[in-house]
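A.B. asks: task: produce atomic coordinates for the following.
(chains A and B)
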Amino acid sequence: AQTVTQSQPEMSVQEAETVTLSCTYDTSESDYYLFWYKQPPSRQMILVIRQEAYKQQNATENRFSVNFQKAAKSFSLKISDSQLGDAAMYFCAYRGSGGSNYKLTFGKGTLLTVNP
Amino acid sequence: GAVVSQHPSWVICKSGTSVKIECRSLDFQATTMFWYRQFPKQSLMLMATSNEGSKATYEQGVEKDKFLINHASLTLSTLTVTSAHPEDSSFYICSARHLETGENNEQYFGPGTRLTVT
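C.D. replies: Predicted structure coming up:
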């Protein structure tokens, strides 16, 4: 079974600074998808960024970027120019590919605090 | 686009009663819907996967007779918690997979339902 590990239960960053959230995963599959989701206090899950394993190029979405290291099974999220609205719980998630395997496996989450 | 709603957003019920939670895809058809449970300050745990017109597939450890899932149409799935007990109090979240976007599709999440059993 696939597992997703987020080793940082809590992180804090100063407004306008950069922070990196860590995520590692374990899988025997060669093709899969990785995601970072944000869950603010409203508890609505928001997709931040996604990465297809077959793509070597790291995904970026405005201030959010990932460092995807397939061999190391590492998928970290970098948030640049942090804003107060970035404060939330962040979940790393894994999804296999093909067939009916569209289930998401989530890590335990990292609570990000942004200090003004 | 790709909006998923849940109803109710918060429900309080007495122990021993049943409660139904609805998950609707408002502007797309969802071939597959997923139900998650989230305890305070914890991660999302998948409970079951439901495909329209077929029986739900439950994750290991989830009681299918207690958590009844029906996916009668491509826009609606329901989760019924039967004979609810205080330990069933939790935050229940659904997500829906878009029918037409193929392999590269996303799961779109509902806003969640807070269940409190007294």
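A.B. asks: from here on, contacts and neighbour counts on C-alpha atoms
C.D. replies: OK.
A.B. asks: any idea which element the spatially most central residue of chain B lies in?
C.D. replies: Nearest residue to the geometric centre of chain B (CA atoms, centre = their mean): residue B:35, 3.5 Å. Residue B:35 belongs to strand B:30-38 when elements are defined using DSSP states H and E.
A.B. asks: per-residue pLDDT of residue B:102, please?
C.D. replies: At residue B:102, the model reports a pLDDT of 57.
A.B. asks: swap that for residue A:99, please
C.D. replies: 58.
A.B. asks: how far away is the residue nearest to the centre of chain B from chain A?
C.D. replies: 10 Å (CA to the nearest CA, to the nearest Å).
A.B. asks: can you check residue B:81 too?
C.D. replies: The gap separating residue B:81 from chain A is 21 Å, by CA to the nearest CA.
A.B. asks: next, count neighbours for that residue.
C.D. replies: Other residues lying near residue B:81 total 21 when counted by other CA atoms under 10 Å in any protein chain shown.
A.B. asks: which ones are touching it?
C.D. replies: B:18-20, B:66-68 (CA atoms under 8 Å, 6 or more residues apart in numbering or on different chains).
A.B. asks: name the member of those with the most neighbours.
C.D. replies: residue B:67 (21 neighbours).
A.B. asks: that one against residue B:84, yeah?
C.D. replies: No. Look at residue B:67 against residue B:84 with CA atoms under 8 Å: they stay out of range, at 9.5 Å.
A.B. asks: start to end distance for stretch B:65-83?
C.D. replies: 10 Å (CA to CA, to the nearest Å).
A.B. asks: name the residues of that stretch that are buried.
C.D. replies: Neighbour-count burial for stretch B:65-83 flags B:67-71, B:74-82 (criterion: 16 or more other CA atoms under 10 Å in any protein chain shown).
A.B. asks: please name the bridge partners of the closest residue to residue A:104 other than its chain neighbours.
C.D. replies: Distances taken as CA to CA, 6 or more residues apart in numbering or on different chains place residue A:95 nearest to residue A:104, at 4.9 Å, with adjacent residues excluded. Per DSSP bridges, the residues bridged to residue A:95 are residue A:33, residue A:104.
A.B. asks: same deal with residue B:67?
C.D. replies: residue B:81.
A.B. asks: next one: it from chain A, what distance?
C.D. replies: Note on residue B:67: its distance to chain A, by CA to the nearest CA, is 18 Å.
A.B. asks: tell me the contacts of that residue?
C.D. replies: Counting by CA under 8 Å, 6+ apart, residue B:67 touches B:79-82.
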